[in-house]
Each structure stands twice: as structure tokens, then as C-alpha cells.
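K.L.:
Okay, sequence plus prediction incoming.
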Amino acid sequence: MRILFIHQNFPAQYLHLATALVARGDEVVAIGGPTARALPKVPLHRYSPCPSGDIPLCHPWASDFQTKILRAEAVCATLERLLASGFRPNLVVGHPGWGELLGVKDLLPHVPVLHQVEFVYQLEGGDFDFDPEFAQTDWRVSTCLRLRRTSQLLAFHDLDWGISPTAWQASTAPAEFRHRISVIHEGINTDLIAPRANCIVELKRAGLAFRFGDEVVSFVARNLEPYRGFHRFLRMLPRLQQLRPRAHVLIVGGDGVSYGAGPAGGGTWKAQLLRELEGQLDLSRIHFVGRVSHPVLHDLFRVTACHVYLTYPFVLSWSALEAMACGSVLVASATPPVQEVIQDGENGILVDFFDGEGLAQRIADVLAEPAAFRTLAENARQTIVDRFDLKRSCLPRQIALVDRLASS
């Protein structure tokens, strides 16, 4: 079987699936952008979305769609060369959110395409209007969001089938297309991402080392920004430090922006919030460690007494599931799709995203009596094993879906 993956940042969500297809003998080829990474035995054909270096001028509202059109044209040019070389895929797998699939059906009209339905922008009830602190009253902002949906909604009319990691994320698709979306997560390797005794997390510059049983609170995001509740978390810390003056807080994440926008005045969210909270925090017990490797991150999940995960109604972070797989006690926001995975008092603790006092109190409860919450950690681990295990659940279902579509 011949499978073509298209993703600007390949392998992205397809690392395990592409590797498994190669391992069983399929011919796997990838088309990716400048940041794509090659996998063993997977030829990678990179495209440049604007090879001339000049992006044509257009109306600001159309700039997002233009970027996607440039990617679509570059992908199709790359695909055209692949077809000329004799390559004929049985299936195309890709992410429609970047615009890369917009022209694929014109070159491969009879080849099924499997879309990664990660998240469809919502005009109401999603991330856009969730946080009143950043409420937008200018109608132009709403119109820009409406226009950003153009390529997403257009893609559904070419949808052979979709795959989405959670039911809530699948539900962001228009109702008339949801019956063609399978809910299958990318998968967590629970054999490797698991509890492990005697782990140590060292902060060499601070001369500190933490082990399981220490009063450690962890917070992780790709970038420290409001979408992942960083502002709510940091503003809660003065109260938490009053309740638990010996607790250490380890914050993992970069200073950029993955989602949403940066502060209105420029700079980083971390710098702005630290200025806002100047004099209210004991910074000797708050450690910003930047981004860390996956093994170090997993050791942090094994050591922490309480892991905090906050998010807007948006894409569910892998880090939350990996923390559960490592046996962390999670205190998380009662927002979709977190509520799809965590049941309050059974496999974690849910709090209102905006309730800083409640968040501080629940974390303090865990730190005060860690043994009383170990059942939650054990149940969290079991949830991931039962529902998100890579080898025994998610990957076999992904492969079965690929086989069904490729043979249709």
C-alpha cells in the first residue's frame, strides 16, 4: 500500500502512524514545509510556500487565506512532480488547517483523503469568547475570525473521512459532517510514559533537587500564555504561597505565543504578569525552567505532588494525558475537552478556570495530604491505559481506519 502524508510540520500527529506503516512494509511518502523532519524510510519532499520570497499584497482580512493558498499551490506543485515520477498513493493523510489539502482533489480526484480534524474555529462557545479579560467588542475582530474559517469549512466539502483526538474537538465540525469523523487519539505510549520510582529533577543553577514526596507543583505549556491559563495560574500563586509557604513551583514553557496573541504592550506574558505581581511572590520558590526534553518532563510528572493543567475550550494538550500516564495528581480546569477525560474526584480534580481562590485551595489540599489523593493518581493512570494507550488501542484503530479508506 502507498500512503502520502501532507503536513507542513511533518511528522506532527503522524509520527507513530507513519512509523508503524513503514514497519509493516507499506510505501510511505511525505510532503512537508521547511520545518518538516524526515523519518527513517519515509522520503520527505519539502515545499516552499513562497519560493520567490515575496508575498503579494492583499487586504489584511485575506492574508490568512492567502497564506493557505500559497501552501496549497506549493504542495500541489510538489505532488505534481511526485506523480510525474510514477508515485500513485492509495490514500492521502493530512491536516486541512494549514491549507495544504485545498488542491489535492484536483490532482487526485479518486484517491481518498483522511483529514486531521483538530479544531474548527467557533464563533461562539469555543476559545474566542471564553475569557472576558480579553473580550473583543470590535465587529472587525469577529469578521476576521469568520473569514479564517473559510479554508476549514471549504475542506469539509472534500472530506472523505476525518479523524479527531477527542469527541469535543470532533464536535467543532459542522453537524452535517460529523458522521464522517472517527474519534481516535494520537496515542500515549504507556509502556514508556509511566510511573517510575526514584526519579530526581535537578535545578542545577539553583542547587536544588526534587524527589517524589517533596512539595512540588508543576505547570506545563508549550508557551506561557492565556490560552493555557498561565495568567490565571500565576495570579493564583500569592494565595497558594500563603497556604503552603514551603511549596516549590516548577513552570515549564517558552516565552512565545502558540495561540492567541501577545500582550497589547509587547513583550512576553511572563514579563507582564511578573510586573503585575511584583512584591507579591516569593520568587525563590518559583522556578521558570523554559522548555525541557521529554524525558525530563516525564520525570517532573513522576516527582510532582500536584500537576496543574488549565486551558480554554480548545485542543487538548498531550502534556495533560502524559502527566496522568505518569501517575500525577491533576488539578485541571473544568473546560472542554478536559471534562471528557477527567471526572472530578475520580481521576483528578476539576476547578472553575476563573476561580483563583478555589484553585489555590485545591492544590493546597493535595499538598497537605498527598496520600489521600493517590487513588486519583492511580485512576488517572488507568484512564490513559484504558482509553489512550498507543500500542494496544489508538494505533491499531488508526491503522484499521487507514486500511479501510485505502481499500475503499
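P.N.:
Yep, it's here.

K.L.:
how much space between Lys270 and Phe230?
P.N.:
According to CB to CB, to the nearest Å, Lys270 stands 8 Å off from Phe230. Glycine gets a C-beta too; all of them are placed from N, C-alpha and C.

K.L.:
Next: Gly94.
P.N.:
For Gly94 relative to Phe230 (CB to CB), the value is 31 Å.

K.L.:
next one: Ser393
P.N.:
With CB to CB as the criterion, Ser393 and Phe230 are 32 Å apart.

K.L.:
Tell me which stretches of the stretch 1-150 of the chain form helices.
P.N.:
Using DSSP state H, counting those that start in this stretch, the helices found in the stretch 1-150 of the chain span residues 15-23, 63-84, 104-107, 139-156.

K.L.:
Quick one: distance of the first one to the chain centre.
P.N.:
Think helix 15-23. 20 Å (CA atoms, centre = their mean, to the nearest Å).

K.L.:
Give me the buried positions along it.
P.N.:
Using 16 or more other CB atoms under 10 Å as the test for burial, helix 15-23 gives 16-22.

K.L.:
Please save the CA atoms from it in PDB.
P.N.:
Presented in PDB, the C-alpha positions along helix 15-23 are these (Å, rounded to 0.1, in the frame of the first residue of the first chain):
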ATOM      1  CA  LEU A  15       4.900  10.100  14.000                       C
ATOM      2  CA  HIS A  16       3.600   6.800  15.300                       C
ATOM      3  CA  LEU A  17       1.200   6.000  12.500                       C
ATOM      4  CA  ALA A  18       3.800   6.700   9.700                       C
ATOM      5  CA  THR A  19       6.400   4.700  11.600                       C
ATOM      6  CA  ALA A  20       4.000   1.700  12.000                       C
ATOM      7  CA  LEU A  21       3.000   1.700   8.300                       C
ATOM      8  CA  VAL A  22       6.700   1.700   7.300                       C
ATOM      9  CA  ALA A  23       7.400  -1.200   9.700                       C
END
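
K.L.:
Please parse this protein into its domains.
P.N.:
Domain ranges of the chain: 2-187+390-406, 200-388, per automatic domain parsing.

K.L.:
Out of the helices of the stretch 1-150 of the chain, flag the one nearest Gly187.
P.N.:
With distances scored as CB to CB, the stretch of the helices of the stretch 1-150 of the chain nearest to Gly187 is helix 15-23 (5.9 Å).

K.L.:
Thought Phe219 was touching Phe233, still the case?
P.N.:
Yes - if you go by CB atoms under 8 Å, Phe233 and Phe219 touch, sitting 5.4 Å apart.

K.L.:
Output the below-cut-off pLDDT ranges for the stretch 51-200 of the chain.
P.N.:
Low-confidence segments of the stretch 51-200 of the chain, defined by pLDDT under 70: 51-53.

K.L.:
run the last query once more with 80
P.N.:
Applying pLDDT under 80 to the stretch 51-200 of the chain flags the ranges 51-56.

K.L.:
Which residue ranges of it form strands?
P.N.:
Listed in chain order, the strands of the stretch 51-200 of the chain (DSSP state E, counting those that start in this stretch) span 91-94, 113-116, 161-164, 181-183, 200-203.

K.L.:
how far is the first one from where the chain is centred?
P.N.:
Going by CA atoms, centre = their mean, the spacing between the C-alpha centre of strand 91-94 and its chain's C-alpha centre is 20 Å.

K.L.:
In terms of secondary structure, what does that strand contact?
P.N.:
Contacts defined by 3 or more CB pairs under 8 Å, 6 or more residues apart in numbering; DSSP states H and E place strand 91-94 against strand 2-6, strand 113-116, helix 395-406.

K.L.:
partner strands of that strand, parallel or antiparallel?
P.N.:
Strand pairing for strand 91-94, determined by DSSP bridges: strand 2-6 (parallel), strand 113-116 (parallel).

K.L.:
For the residue nearest to Gly99 when sequence neighbours are not counted, give me its contacts.
P.N.:
For Gly99, ignoring the flanking residues on the chain, the nearest one in space by CB to CB, 6 or more residues apart in numbering is Lys68 at 2.4 Å. Taking CB atoms under 8 Å, 6 or more residues apart in numbering, we find Lys68 in contact with 98-100, 102, 151.

K.L.:
Of these, just say which sits nearest to Asp138.
P.N.:
So of the contacts of Lys68, ranked by how close each gets to Asp138 (CB to CB), first place is Ser151, at 23.0 Å.

K.L.:
Isn't the closest one up against Phe65?
P.N.:
Yes - counting by CB under 8 Å, Phe65 is a contact partner of Ser151 at 6.1 Å.

K.L.:
and for the two, which residues touch both?
P.N.:
Both Ser151 and Phe65 are contacted by Gly99, under the criterion CB under 8 Å, 6+ apart.

K.L.:
related to what we said a few turns ago, looking at Gly94 and Phe230, which is more packed in?
P.N.:
Set side by side, Gly94 and Phe230 show more neighbours around Gly94, with 25 against 20, by other CB atoms under 10 Å.

K.L.:
contacting residues for that one?
P.N.:
Going by CB under 8 Å, 6+ apart, Gly94 touches 5-7, 100-101, 104, 113-116.

K.L.:
before we move on, the earlier item: looking at the strands paired with strand 91-94, which is closest to Phe354?
P.N.:
Ranking those by proximity to Phe354 (CB to CB) places strand 113-116 first, at 30.9 Å.

K.L.:
What lies in contact with that closest one?
P.N.:
Under CB under 8 Å, 6+ apart, the answer for strand 113-116 is 7, 13, 91-97, 101, 104-105, 155, 158-164, 401-402, 405.

K.L.:
again with stretch 294-302
P.N.:
Against stretch 294-302 from outside (CB under 8 Å, 6+ apart): 193, 195-196, 199-201, 212, 218, 220, 250, 252, 292, 307, 319, 322-323, 325-328.

K.L.:
any idea of the mean pLDDT in that stretch?
P.N.:
Averaged across stretch 294-302, the pLDDT comes to 97.

K.L.:
Any buried residues in it, and which?
P.N.:
Applying 16+ other CB under 10 Å to stretch 294-302 flags 297-302 as buried.

K.L.:
If anything else comes up later, I'll come back, but that's it for now.
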